[in-house]
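[1] Just to be clear, the model below is a prediction. Sequence and coordinates:
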Amino acid sequence: MSYELLKSLCGPDDLKQLAPERLPELAMQMRQYLIETLAPIGGHLGAGLGVVELSIALHYLLDSPRDKIVWDVGHQAYPHKILTGRLSAMPTIRQYGGLSGFTNRSESEHDPFGAGHASTSISAAYGMAVGRDLNHQEHQVVAVIGDGALTGGMAFEALNHAGARNNKMLVILNDNEMSIAPNVGAMSSYLARIISGRSYTQAKDTARRILEKLPGALDAAKRVEEHVKGMITPGTLFEEMGFRYIGPVDGHDFGHLLPTLQNCMRLNGPTLLHVITRKGLGFSPAEEDPETWHGLGPYDVKSGAPFKSSGKAPAYTRVFADMLADLADQDVRVVAITAAMPGGTGLSRFAVRHPERCFDVGIAEQHAATFAGGLAAAGKRPFVAIYSTFMQRAYDQIIHDICIQNLPVTFCMDRAGIVGADGATHTGMFDIAFMRNLPNMTVMAPKDEAELRRMLVTSLTIDGPVAIRYPRGNGYGVDTTDVSPLVVGEAELLEGGDDGLVIAVGTRVRDALQAVETLRRDDGVAMTLLNLRFIKPLDEAAIRAHLKPGKPLVVVEEGVAAGGVGQEIAVLALQAGWHGPFAHVAMPDAFPVHGTQAELLRDLELDAQGILGRIRQLVA
Ligand SMILES: Cc1ncc(C[n+]2csc(CCOP(=O)(O)OP(=O)(O)O)c2C)c(N)n1
Ligand SMILES: CC(=O)[C@@H](O)[C@H](O)COP(=O)(O)O
Ligand SMILES: [Mg+2]
């Protein structure tokens, strides 16, 4: 396809010159462009395909960047990027030095708010609407939020706030009945009932039948019918919260979308437009399996088959899920919780074996943590599997509901450290710092998949909160048969040597080992290497024992240096009377860019070569 029409548009102003009849052709070209462009590089395809018409309609009618469009999560903003002058850069999306996979204020004036984490759009848009009114300005503010993101508490907090005020704002609820996996929860069922249109009639009939049986109740029945109608007429839940509800409308039909949007924009006060779309529309593999095609690596555009990496060791995620299912086989107390990421955390595998003990709570990390606290208080052993970056959402719950009460909840933090293409918003760089300072918490980091299995077993021996951090990607194919528990707080000695001490944490142990081996072989420098295993409690005795006065001390961790375990080790060493050159090989006080994990680790000098260089500087 030549994409003639698509390529003729340099920005939203060009789009506005098109006759409305040409918009379906543009939508068709955009879909095909997305499907072909992402094939060699992967990315978030399904959500974007679902909002092609919506994105075109918004930019056709709105005047961006004057008018503000806030996309929730931002993973569905690829069509928006294309329409706002980023078409030629699309082949670079999520690549090193390329476009971000999400909206990003520094990337374009058409991205008024950055995102990556879910459920923020209504709050941000409402802030813009209030700011606009305080500034006596006049422009439109639109938040586009998916039905999945609407399961997040923040979205309700924002509706609650905005609905009680009069500031003009449009919330577009993009309802495709999917989060990454099928959407869950009562709100999702409510939206489905609105779409089916059956709820009102059914409930009205039931109320009538019940009330007609009561003597003298016919008048009351009428009044109650009105009430019932008020309660459950489609959209009323939003109306009761102060929003004017409009919809549902077909989000793929310009004939419906354009006039409805136009009308919405004329309305004052908070308005919610309910748009029905299909995730993956226009690419049958993505329509049939929207979960796989939510976000994926490269795929074959002709067959629609994702390219599978072959011959690699199993992913940490999979090792975690299978081990947890094994533990659940043996221990009836074990339950598992995911916040809308059953596939990403591996818990869909756990659910196959223990469906009744696996809970998807929606995009609700805070609730997940406290829900786990309740389960633990009821005698269960909950494992909360949440990506490191999303665990940030649940910090107060971890402190207030788990740690203060010393409840035995295990937080399994997948995607800890550098994640690659998702970039700064998704990097798990803070969990070491924010978990290790919590009283009662035990924090572990496995050096490989075998140790992950042993740490899961170990967590069941600890009568209190535990956090385990492990990275995105594959293990090393090591022997995993030993599942004996570790001694809590004991580090592992991997190399002995008198020329200094290297202490490495979890994901960085392998590369540190490679660096230490190279140093011994090529430089004749023999360093001791400790695999820390326990970030908390620290193996103070081992650290003290292996410190070499006057010789280098190096701590390597894939997390932010400030508050990292390296700082505690440095203090410990000084208190123990050690003096000598020190290096903390960790992440600096800056958000990382996006690229492959290897590229980013290289930039941060956290790969084997980088660690080697840092040690050599000290030795020299
Ligand atoms: C706080 C947080 N938790 C989890 C995620 C992972 N995540 C990204 S998109 C998504 C599903 C969003 O569903 P929806 O808003 O309906 O958008 P759709 O993909 O269906 O268009 C999830 C769970 C996230 N980005 N942020
Ligand atoms: C947009 C979002 O938050 C998720 O789709 C995320 O990109 C998934 O990351 P993984 O690919 O590491 O599961
Ligand atoms: Mg959705």
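    Arrived safely, thanks for sending. Ligands and ions are numbered 1, 2, ... in the order given.
[2] I'd like to know which residues of this structure are adjacent to ligand 1.
    Applying CB under 6 Å from any ligand atom, we find that the chain lies next to ligand 1 at 47, 50, 72-73, 75-76, 117-118, 146-149, 174, 176, 178-180, 279, 294, 339-341, 363, 365, 390, 393. Bear in mind the C-beta positions are built from the backbone N, C-alpha and C, glycine included.
[3] low-scoring pLDDT stretches of the stretch 51-200 of the chain, where are they?
    Along the stretch 51-200 of the chain, segments meeting pLDDT under 70 span 198-200.
[4] All the helices of it, residue numbers only.
    Along the stretch 51-200 of the chain, counting by DSSP state H, counting those that start in this stretch, helices occupy 52-61, 78-81, 121-134, 153-163, 186-196, 198-212.
[5] just these: most buried one?
    Most buried of these, by mean neighbour count (mean count of other CB atoms under 10 Å): helix 78-81, with a mean of 26.
[6] close to ligand 2, is that helix?
    No - using CB under 6 Å from any ligand atom, helix 78-81 stays clear of ligand 2, with a minimum separation of 11.9 Å.
[7] elements contacting that helix?
    The helices and strands touching helix 78-81, judged by 3 or more CB pairs under 8 Å, 6 or more residues apart in numbering; DSSP states H and E, are helix 23-38, helix 52-61.
[8] burial count for the closest residue to ligand 3 within the chain?
    The chain approaches ligand 3 most closely through G146 (3.7 Å), counting by CB to the ion. Neighbours of G146 under the rule other CB atoms under 10 Å: 30.
[9] Run through the bridge partners of it.
    With DSSP bridges as the criterion, G146 is bridged to N174.
[10] Now do the contacts for it.
    47, 72-73, 76, 118, 173-176, 179 (CB atoms under 8 Å, 6 or more residues apart in numbering).
[11] Of those residues, which are in range of ligand 3?
    The subset of the contacts of G146 within reach of ligand 3, by CB under 5 Å from the ion, is N176.
[12] Which ChimeraX command selects the buried ones in the contacts of G146?
    Only the buried entries of the contacts of G146 go into this ChimeraX selection, using 16 or more other CB atoms under 10 Å:
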select :47,72,73,76,118,173,174,175,176,179
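[13] can you redo the contacts of G146 as a markdown table with distance to H426?
    A markdown table is the format used below for the contacts of G146 (distance: CB to CB, whole Å):
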| residue | distance to H426 |
| --- | --- |
| A47 | 16 |
| D72 | 15 |
| V73 | 11 |
| Q76 | 16 |
| A118 | 12 |
| L173 | 24 |
| N174 | 21 |
| D175 | 25 |
| N176 | 22 |
| S179 | 16 |
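[14] From the contacts of G146, list the ones also adjacent to ligand 2.
    The subset of the contacts of G146 within reach of ligand 2, by CB under 6 Å from any ligand atom, is V73.
[15] Can you tell me which of the contacts of G146 is nearest ligand 2?
    The closest of the contacts of G146 to ligand 2 turns out to be V73 (CB to the nearest ligand atom; 5.4 Å).
[16] ok so, going back, and of the helices and strands packed on helix 78-81, who's closest to ligand 2?
    Smallest distance to ligand 2 across these (CB to the nearest ligand atom): 13.5 Å, for helix 23-38.
[17] Report the inter-axis angle for that closest one versus helix 52-61.
    Counting by axes from the mean of the first three to the mean of the last three CA atoms, to 10 degrees, helix 23-38 lies at 120 degrees to helix 52-61.
[18] Helix 23-38: what's the following helix or strand?
    Of the helices and strands lying after helix 23-38 in sequence (DSSP states H and E), the nearest is helix 46-50.
[19] who does that following helix touch, helix- and strand-wise?
    Packed next to helix 46-50, using 3+ CB pairs under 8 Å, 6+ apart, are helix 23-38.
[20] The helix it packs on vs ligand 2: in contact?
    No - judged by CB under 6 Å from any ligand atom, helix 23-38 and ligand 2 are separated, with a smallest distance of 13.5 Å.
[21] Quick check: buried residues in that helix?
    Of the residues in helix 23-38, 23, 26-27, 29-35, 37-38 count as buried by neighbour count, 16+ other CB under 10 Å.
[22] I'd like the mean pLDDT over it, please.
    Average pLDDT, helix 23-38: 98.
[23] Show me what that helix is packed against.
    Applying 3+ CB pairs under 8 Å, 6+ apart, one finds that helix 23-38 contacts helix 4-7, helix 46-50, helix 52-61, helix 78-81, helix 254-266.
[24] Out of the helices and strands packed on helix 78-81, flag the one nearest Q609.
    Smallest distance to Q609 across those (CB to CB): 31.2 Å, for helix 23-38.
[25] Please work out which residues outside that closest one touch it.
    Under CB under 8 Å, 6+ apart, the answer for helix 23-38 is 1, 3-6, 9, 15, 18, 45, 48-49, 52-53, 56-57, 60, 78-79, 82, 87, 90-91, 93, 254, 281-283, 299, 301.
[26] Kindly calculate the angle that that helix makes with helix 254-266.
    Counting by the same axes, to 10 degrees, helix 23-38 lies at 100 degrees to helix 254-266.
[27] would you put the C-alpha positions of helix 23-38 in CSV?
    Extracted in CSV, the C-alpha atoms of helix 23-38 (Å, rounded to 0.1, in the frame of the first residue of the first chain):
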residue,chain,number,x,y,z
LEU,A,23,-12.1,9.6,6.6
PRO,A,24,-12.8,5.9,6.2
GLU,A,25,-10.1,5.6,3.6
LEU,A,26,-7.7,7.3,5.9
ALA,A,27,-8.7,5.0,8.7
MET,A,28,-8.0,2.0,6.4
GLN,A,29,-4.6,3.3,5.5
MET,A,30,-3.7,4.0,9.0
ARG,A,31,-4.6,0.5,10.2
GLN,A,32,-2.5,-1.1,7.5
TYR,A,33,0.4,1.3,8.2
LEU,A,34,0.3,0.4,11.9
ILE,A,35,0.2,-3.4,11.1
GLU,A,36,3.1,-3.2,8.7
THR,A,37,5.2,-0.8,10.6
LEU,A,38,5.1,-2.6,13.9
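[28] how about the helices of the stretch 201-350 of the chain, start to end?
    With DSSP H, counting those that start in this stretch as the criterion, the stretch 201-350 of the chain has helices at 218-232, 236-240, 254-266, 284-288, 316-330, 347-353.
[29] quick one: low-confidence parts of the protein?
    Within the chain, the ranges that satisfy pLDDT under 70 run 198-235, 310-311.
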